[in-house]
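Chemist: Quick one, fold the following:
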Amino acid sequence: MLTSPRPSTVPRHHRLARLAALPALTAIALGMVHAPVASAQPAAVWAVSTTIDVGTTPTQFAFSPDATRLYVTAGDGFDVIDTATNTAIDKVSVPTVGGIAVAPDGAIYVLGIDGTVSVIDPVTYATIASVDVGTNTLGMTASGDAVYVTNHGNESVEVIDTTTNTVDATVPVGQNPIQATALDGTVYVTNAGSGTVSAIDAATNTVIATISVGGVPIGVTSAAGRVYVVEGVSQSVAVIDGTSNTVVETIPVGGGSLTGIAATADGSTVLVNQSDTDTVATIDLDDPAARQSVTVGARPGGAIAAPDNTTAYITNGAAASISVLTTADAGCTGIACIPTGSFGG
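Modeler: Got it, this is the predicted structure:
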């Protein structure tokens, strides 16, 4: 059984500050090696179109319900990005943060290092509620009227009812749960210490499947009926079918320490951060051998794709910036296309 890849001698606030460079959870424990993967040119060509300066050590993303705003945790708060202009338009100061998620009404849920989730009004940016979810919490995602918070200290997920802003349930999962994403009423949680993904029915808040992916699963995202899991040992992406909750494909990626992952809403492309080389691998899911390497800023960590299928955002943890990747492909519109996830998108 794998033990937690987190070094126990490092203060937790330092571990969260390094979340943008998830090798702290993979390379330290596993001594990973670079595994080059042969590639062909993907159908869609991605490139960095602009870089946005934000606070220090940016990590995790969440979109507003209409995707006109993108929130990114950075420093002691989060930055607000106008997605029409791709500029930072505001900075909200809250206690040192980890995960971030957005409820259907637009309220912003931000996780503090003290185990408190601050609920932020999306218009005034005032704190309207605080929810105690316990220490050792890390990743977040929203599904329906609930926000799910991973707790790697007690191997569980805390469920916040967004109508009352109270903890409604605690769901036991695997060892060292890290990140979460929501897909069609199911919440998927990566268990880095168990080599598994827990599938939680959001209607009953019970685990309906435990999916073995092996190694150290960390980053996760979902789109178009599939869940995509970054697995650090084999430097690959496990593809889970959201109907059968089984692994249907494993895509080799290589390139050293893999961190965040994003998928376009139409399920055509995944983007995987390669932190050691400051690059992003863009993979055509119709032909996984077709891929491209895009150079971004130092230590890429978090990733999220916009609902238009043409834009993705990458946090550069050591550069205090966001790289905006764009392609010329056609887009997807509507609220159903907005991705969810924590360290993914």
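
Chemist: And stretch 149-167, what's buried?
Modeler: For stretch 149-167, the neighbour count (16 or more other Cβ atoms under 10 Å) marks 149-153, 155-160, 162, 165, 167 as buried. Every C-beta, even on glycine, is put in place using the N, C-alpha and C of the backbone.

Chemist: What's the mean pLDDT across that stretch?
Modeler: Per-residue pLDDT over stretch 149-167 has a mean of 96.

Chemist: and it, how far apart are its ends?
Modeler: End-to-end distance of stretch 149-167 (Cα to Cα, to the nearest Å): 10 Å.

Chemist: Can you mark which positions in stretch 87-97 are buried?
Modeler: 88, 92, 94-97.

Chemist: what about the stretch 201-345 of the chain, any weak spots by pLDDT?
Modeler: Residues of the stretch 201-345 of the chain that meet the criterion pLDDT under 70 lie in 329-345.

Chemist: what about Arg299, neighbour count?
Modeler: 22 (other Cβ atoms under 10 Å).

Chemist: my guess is it contacts Ile314, does it?
Modeler: No: using Cβ atoms under 8 Å, Arg299 is not in contact with Ile314; the gap is 10.4 Å.

Chemist: Who are the contact partners of Thr277?
Modeler: 255-256, 293 (Cβ atoms under 8 Å, 6 or more residues apart in numbering).

Chemist: quick one: Gly256 is in a helix?
Modeler: No: secondary structure of Gly256 (DSSP: H, G, I helix; E, B strand; the rest coil): coil, not part of a helix.

Chemist: Is it correct that it is in contact with Asn273?
Modeler: No: with contacts counted by Cβ under 8 Å, Gly256 stays clear of Asn273, the gap being 10.4 Å.

Chemist: Look at the two and report which has more neighbours.
Modeler: Asn273 (36 against 21).

Chemist: show me the contacts for the more buried one.
Modeler: 219, 258-261, 279-280, 296, 300-303, 314.

Chemist: can you tell me which of these are in helices?
Modeler: If you go by DSSP state H, the contacts of Asn273 have nothing in helices.

Chemist: now, which of those sits nearest Glu249?
Modeler: For those, the minimum distance to Glu249 (Cβ to Cβ) is 14.3 Å, reached by Ile261.

Chemist: wait, what's in contact with the closest one?
Modeler: 219-221, 228-230, 237, 270-273, 303, 343-345.

Chemist: Equivalent analysis for Ala328, please.
Modeler: 44-45, 310.

Chemist: Please apply the same query to Ala202.
Modeler: 143-144, 146, 182, 185-187.
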